[in-house]
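K.L.:
Predicted model, plus sequence, below.
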Amino acid sequence: MPRGRHRHSQPLHKLLAPTTVAATSVVCAAGSWVVGETLVIRSLAAAAGAAAVVGAFLMRHWDRGAGKRVTELTTALAREEWKTDERVAELENEAEEAREKRAALDTKLRAKRAELARLRTEHADLLRRYATAETERASALEVRRKLSLEAADPAAKALAGAAAGPEDRTEA
């Protein structure tokens, strides 16, 4: 297989065969006008005819080759268009499926966010209830402690009063 700059034939090589056939035909026809002998004229006319036949054969051969290439290219183009249309349809289908999945996931996400907001509200309510219950419990314990101190003997009361701050002494 040719490599580099020799890979493609030069334009001169492409034109050499048809130019040779045409030149031979023209030279033979022109020679028949110049030469006076009948045998030479007939041979030149036969050579011109042979050149015309060879030229016609070459042209027909090239025409068939070009027709085959055009058919192959048309077929390849149709095949590529079909593949492209099929791929576009597949991509549109995948895009539609992705949109449906995204919509489903968005719905699921909204539901999870709503559930999270509800759980946060419940948690805040529980914390408020717990804080209220602890405050009530602390208040009840304080009342019990004061009642037990009042019911106890006066020495314990004095001791408790001394242990308490100056604010409690003014109340007692």
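P.N.:
Arrived safely.

K.L.:
need the helix or strand of the protein with the lowest average pLDDT.
P.N.:
Within the chain, no helix or strand scores below helix 166-171, which has a mean of 52 by mean pLDDT, DSSP states H and E.

K.L.:
what about T24, how many residues close to it?
P.N.:
Residues lying near T24 (other Cβ atoms under 10 Å) number 17. Every residue, glycine included, has its C-beta placed from N, CA and C.

K.L.:
That one against A51, yeah?
P.N.:
Yes. Using Cβ atoms under 8 Å, T24 makes contact with A51 at a distance of 4.2 Å.

K.L.:
Which helix in the chain has the most residues?
P.N.:
helix 38-151 (DSSP state H).

K.L.:
Identify the residues contacting stretch 19-26?
P.N.:
47-48, 51-52, 54-55, 58 (Cβ atoms under 8 Å, 6 or more residues apart in numbering).

K.L.:
6 Å - rerun?
P.N.:
With contacts defined as Cβ atoms under 6 Å, 6 or more residues apart in numbering, stretch 19-26 is touched by 48, 51-52, 54-55.

K.L.:
And the buried ones among these, selectable in PyMOL?
P.N.:
Buried residues among the contacts of stretch 19-26 (16 or more other Cβ atoms under 10 Å), as a PyMOL selection:
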select buried, resi 48+51+52+55
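
K.L.:
which among the contacts of stretch 19-26 gets closest to K108?
P.N.:
G55 (77.6 Å; Cβ to Cβ).

K.L.:
The closest residue in space to that closest one that isn't next to it in sequence: neighbour count?
P.N.:
Take G55 and drop its neighbours on the chain: the residue closest to it by Cβ to Cβ, 6 or more residues apart in numbering is V21, 4.0 Å away. Number of residues near V21 (other Cβ under 10 Å) recorded here: 20.

K.L.:
A152 versus V21, what's the distance?
P.N.:
139 Å (Cβ to Cβ, to the nearest Å).

K.L.:
quick one: H123 from L116, how far?
P.N.:
H123 is 10 Å from L116, by Cβ to Cβ.

K.L.:
make that E86, sorry
P.N.:
From E86 over to L116 (counting by Cβ to Cβ), the distance is 44 Å.

K.L.:
show me where pLDDT drops low in the protein?
P.N.:
1-16, 153-172 (pLDDT under 70).
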